[in-house]
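# Predicted coordinates and the sequence they were generated for:
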Amino acid sequence: MSETVLTCKNLHKAFKEGGLSVDVLCGVDLSIATGEQVAIVGSSGAGKSTLLHLLGGLDNPNQGEIWVAGRLMNKLNHAQRGLWRNQNLGFVYQFHHLLPEFTALENVCMPLLIRGLSPAEAQKKAVSILTQVGLDQRLKHKPGELSGGERQRAAVARALVTEPKCVLADEPTGNLDHRTAEQVYERMLDLNHAEGTSLVLVTHNQALAQRMDRTLRLVEGVLVEEK
């Protein structure tokens, strides 16, 4: 059996709106195996992004457990959680979140420098991954000098440069045209295959979801596997 890299059990999350408590997740169970590709789909406002934030340790559930690479994520303190995230998870969002004052190369180096690699080691790895996503001629360009597709490919490179066990991607090509989105997706899938990194993808793109190993739909706060 494949090793499980990410698991959540009985995950609940509610938000306060005025005097009301709105239940978003109502007992989510999920298990992701090494190298597995999983799409999470659902209507707007169903809680897909909320689920991804919980899985990545960016927010705490009201109830339930989240295990990442064998550790109970939601019981770690802030510093421990940040370190464990850096070592095991990569994130790609609909907006690239690159730091505008730094070049593509510097942005991709940062997770490695945070991990403690030397600048020379970090740069070598960053150049390699940026080359793999087709940005070897754009290393010294800042985000404002890159196209939308290039910025998003740089964000994918930043997520993958640490060789994470799992990448969590939230509508990573939602702001791109169809052709550019397809190029970014292909790069993500190629790197997924090459590195054996698991991929959890929130998407409205049904065609892409069908290319994943599994598609799960978030319905009324729980995940339902689509046949």
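The structure has been received and is ready for your questions.

# what's the next secondary structure element after the helix or strand bottoming out on mean pLDDT in the chain?
Sorting the helices and strands of the chain by mean pLDDT, DSSP states H and E puts helix 178-195 at the bottom, at a mean of 75. As assigned by DSSP states H and E, the chain's next helix or strand after helix 178-195 is strand 198-202.

# isn't residue 72 right next to residue 66, touching?
Yes - between residue 72 and residue 66 a contact is recorded at 7.3 Å, counting by C-beta atoms under 8 Å. C-beta: built from backbone N, CA, C; applies to glycine.

# where's the residue most central in space within the chain relative to residue 138, distance?
For the chain, the residue nearest the mean C-alpha position is residue 168 (2.0 Å; C-alpha atoms, centre = their mean). Distance, residue 168 to residue 138, using C-beta to C-beta, to the nearest Å: 25 Å.

# can you check residue 3 too?
In terms of C-beta to C-beta, residue 3 sits 36 Å off from residue 138.

# Over to residue 113?
Between residue 113 and residue 138 the computed distance is 20 Å (C-beta to C-beta).

# Of those two, which one has the most company?
Counted by other C-beta atoms under 10 Å, residue 113 and residue 138 do not tie: residue 138 has more neighbours, with 20 against 15.

# What pLDDT is listed against that one?
Note on residue 138: pLDDT of 90.

# Who are the contact partners of it?
104, 130, 145, 146, 150, 154 (C-beta atoms under 8 Å, 6 or more residues apart in numbering).

# burial measure for residue 131, as a count.
Residues contacting residue 131 under the criterion other C-beta under 10 Å number 13.

# my guess is it is in a strand, correct?
No - under DSSP: H, G, I helix; E, B strand; the rest coil, residue 131 sits outside any strand and is assigned helix.

# gap between it and residue 154?
12 Å.

# For stretch 88-98, give me every contacting residue.
So stretch 88-98 is contacted by 5, 56-57, 68-69, 104, 107, 143, 151-152, 154-156, 158-160, 162, 164-175, 188, 197 (C-beta under 8 Å, 6+ apart).

# isn't residue 25 right up against residue 220?
No - under the criterion of C-beta under 8 Å, residue 25 is not in contact with residue 220, lying 10.0 Å apart.
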